[in-house]
Structures are given as structure tokens and as C-alpha cells.
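Peer 1: Next one to model:
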Amino acid sequence: MTEQAQGPLAGVKVLDVTMNLAGPAAAMHLADFGADVIKVERPGSGDDTRRFVPAFKGESSAFMMINRNKRGIAIDLKSEQGKEVFRTLVKGSDVLVENFLSDTMNRLGLGYQALTEIHPGLIYCGISGFGRSGPYSHLGGVDLIAQGMSGLMSTTGNGPGHPPLKTGAPICDVMTGMFGAMGVLAALYHRKLTGEGQFVDTSLFESGIAATFHQSAQYVGTGEAPVARGNVHPLSGPYEVFQTRDGWMTVAAGNDERWARLARLLGR
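Peer 2: From the prediction side, this is the model:
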């Protein structure tokens with residue numbers, strides 16, 4: 001098989017020391033592009049998503065989805081023997097992705113500074129709840145909390161009188177995985193030009209903020225905090241959902257030209 005057929009990241013080796021969704025998703029994208037990804041799990045219990053439901057042929061379907069195209073190994077990173085095995089794997093890798101609490105890898109002696117001493121060209125992607133600096137950097141985080149603190153939940157739902165609502169998909173987890181993979185790709189390109197490794201830092205909270213394109217623009221333009229508007233677009237319309245005699249229809253006529261075409265189609 002040619003390198004192109006294997007994917008654009010064929011030959012790139014990635015250590016995936018993550019669990020749950022955002023971290024595994026970042027490594028999944030790299031694996032989908034052809035990187036050789038080795039998922040490192042704790043002995044015995046492994047990734048928490050292994051026990052998610054529903055199961056498919058005895059394995060969590062969520063775990064299989066987010067960890068596709070990866071190989072796996074169990075290593076006890078708290079033991080000296082496990083640390084030595086891990087350092088050996090690091091020496092032969094291009095990228096490391098982890099999503100522990102911000103000080104965990106440093107306490108284990110496996111943080112960015114320690115690992116770059118044995119592998120100066122390493123690209124280290126740290127995924128966290130709130131980033132590696134700031135007043136919340138020491139805290140863990142999950143998608144639901146990031147959606148709430150970033151303001152996403154206040155702009156999702158049916159408006160005043162209704163409780164805050166999370167998005168159906170775990171949008172902060174999903175976007176953080178994408179941003180992490182994007183940062184790794186940029187770092188790989190930088191290393192190709194300079195030979196230098198880099199630290200890539202992204203978080204659930206920052207992804208939630210980044211998702212508020214329209215709402216942030218609305219606030220900057222008006223000074224008013226955006227509110228939930230159900231299925232109505234905050235900046236243009238019609239761009240929403242309508243009930244018809246035989247079901248529901250989405251209509252997206254979000255500029256003047258499309259509005260005029262829609263009016264003609266409706267005979268109005």
C-alpha cells in the first residue's frame with residue numbers, strides 16, 4: 001500500500017494517554033489521517049468509556065467509535081517499571097496526547113519538560129477542562145460544566161422562563177478534540193520546518209467560548225447579553241424549523257437573495 005493510500009500522517013507515531021471523549025477524539029482524528037496511534041490505558045479498568053452503554057458485541061459502542069484505528073497497551077504509570085516502558089515508547093513517538101489534571105503528568109515525572117529532555121522534538125498535546133493557566137487551571141472539567149460556564153447553555157433552548165439547556169451532542173468535547181488535532185497538525189508542520197517540538201494546549205472551556213461566534217458578535221455589536229431563541233437564528237432569518245401538515249421542515253433563507261427566492265416559491 002502506498003503512503004498516500006495509508007493517509008497523510010502515515011509514519012507518524014502517536015501515544016494516546018487519554019480517556020473519555022475529548023482526548024480520545026483528538027487522537028482518533030490523527031489515527032483517521034493514518035497516524036499509528038497507541039492508546040495507553042491503566043491496567044484492570046482501562047478507559048471509563050469501556051463501560052458505557054449500549055454495548056456492541058460485548059464492547060461499548062462509544063469506546064469503539066472514539067478509539068477506532070488505534071492499537072492498545074496497558075501500563076501502570078505509577079510504577080517505575082511502567083514509567084520506563086512509557087519513556088521508551090515516547091522516544092519512538094512523534095506526538096503525545098494526554099488529558100489528565102494539569103499537574104498529574106508532572107507529578108509522575110512524565111510532564112512536557114521531563115519528556116523533552118529525552119525527546120526534544122516531541123509534540124505534547126495537553127487537553128484539560130480549563131487550560132494550563134488561569135484561576136481554574138487546577139480543576140478538572142467535563143463537557144456539561146464547560147457548556148454551562150462558557151454561556152452556551154444560556155443561549156440554547158426556548159428562551160426566558162425555560163431552564164438552561166445543553167446541546168444534544170457534547171459540543172465542547174467534540175470541538176476540543178478537533179482543536180487538539182488541529183494544533184498537533186500545525187506543530188508537525190512547524191517541526192518539519194524547524195526541527196522543534198511544541199506544547200499544544202487546548203481545553204473544554206475555551207472550546208465552549210469559541211463556539212459562541214454569533215452570540216459573541218451580537219454582544220460586541222449591541223452590548224446586550226444574548227439569550228436563548230429556540231430554533232430561531234440570532235442574526236438572520238428565516239432560518240428555523242416550521243411544522244407542516246406532514247412533518248417538520250427546516251428553512252434556511254438567511255440573506256436577501258434567498259429570501260426573495262423563497263417568497264417567489266411560496267407565491268407571496
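Peer 1: looking only at pLDDT, what's the mean for stretch 15-33?
Peer 2: For stretch 15-33, mean pLDDT is 97.
Peer 1: What residues of that stretch count as buried?
Peer 2: 15-31, 33 (16 or more other CB atoms under 10 Å). Quick note: C-beta positions are derived from backbone N, CA and C, even for glycine.
Peer 1: Distance from the chain centre to it, please.
Peer 2: Stretch 15-33 sits 9 Å away from the centroid of its parent chain (CA atoms, centre = their mean, to the nearest Å).
Peer 1: Can you show me the helices along this structure?
Peer 2: Counting by DSSP state H, the chain has helices at residues 3-6, 22-32, 61-66, 80-91, 104-107, 112-118, 143-150, 171-194, 204-210, 213-222, 256-265.
Peer 1: which stretch in these has the least confidence?
Peer 2: Mean pLDDT is lowest for helix 3-6 among those, at a mean of 64.
Peer 1: who's the residue nearest to residue 46 when sequence neighbours are not counted bridged to?
Peer 2: Sequence neighbours aside, residue 74 is the residue nearest to residue 46 in space, at 7.0 Å (criterion: CB to CB, 6 or more residues apart in numbering). Beta bridges link residue 74 to residue 41, judged by DSSP bridges.
Peer 1: What is the neighbour count of residue 55?
Peer 2: 14 (other CB atoms under 10 Å).
Peer 1: ok, it - contacts?
Peer 2: Residue 55 makes contact with residue 61 under the criterion CB atoms under 8 Å, 6 or more residues apart in numbering.
Peer 1: Stretch 184-194: which residues count as buried?
Peer 2: Neighbour-count burial for stretch 184-194 flags 184-185, 187-188, 191 (criterion: 16+ other CB under 10 Å).
Peer 1: tell me the mean pLDDT for stretch 125-136?
Peer 2: For stretch 125-136, the mean per-residue pLDDT is 94.
Peer 1: Tell me which residues are up against it.
Peer 2: With CB under 8 Å, 6+ apart as the test, stretch 125-136 has contacts from 18, 22-23, 26, 95-99, 101-102, 105, 112, 137, 139-142, 145-146, 176-177, 180, 183-184, 187, 199-206.
Peer 1: quick one: residue 42 and residue 72 touch, right?
Peer 2: No. Contact criterion CB atoms under 8 Å: residue 42 and residue 72 do not qualify, at 11.7 Å.
Peer 1: Give me the nearest residue to residue 101, chain neighbours excluded.
Peer 2: Nearest-residue entry for residue 101: residue 140, 5.6 Å, with adjacent residues in sequence omitted and distances by CB to CB, 6+ apart.
Peer 1: which residues touch the one you found?
Peer 2: Counted by CB under 8 Å, 6+ apart, residue 140 has contacts 101, 128-129.
Peer 1: quick one: which of the residues you listed sit in strands?
Peer 2: residue 128 (DSSP state E).
Peer 1: Considering the contacts of residue 140, which possesses the most neighbours?
Peer 2: Going by other CB under 10 Å, residue 128 tops these with 27 neighbours.
Peer 1: Could you single out the nearest of the buried residues of stretch 184-194 to residue 265?
Peer 2: Residue 265 lies nearest to residue 185 out of the buried residues of stretch 184-194, by CB to CB, at 42.4 Å.
Peer 1: how near is the closest one to residue 259?
Peer 2: According to CB to CB, to the nearest Å, residue 185 stands 39 Å off from residue 259.
Peer 1: Over to residue 173?
Peer 2: Using CB to CB, residue 173 is found at 36 Å from residue 259.
Peer 1: What confidence value was assigned to the residue nearest to residue 46?
Peer 2: As predicted, residue 74 sits at a pLDDT of 97.
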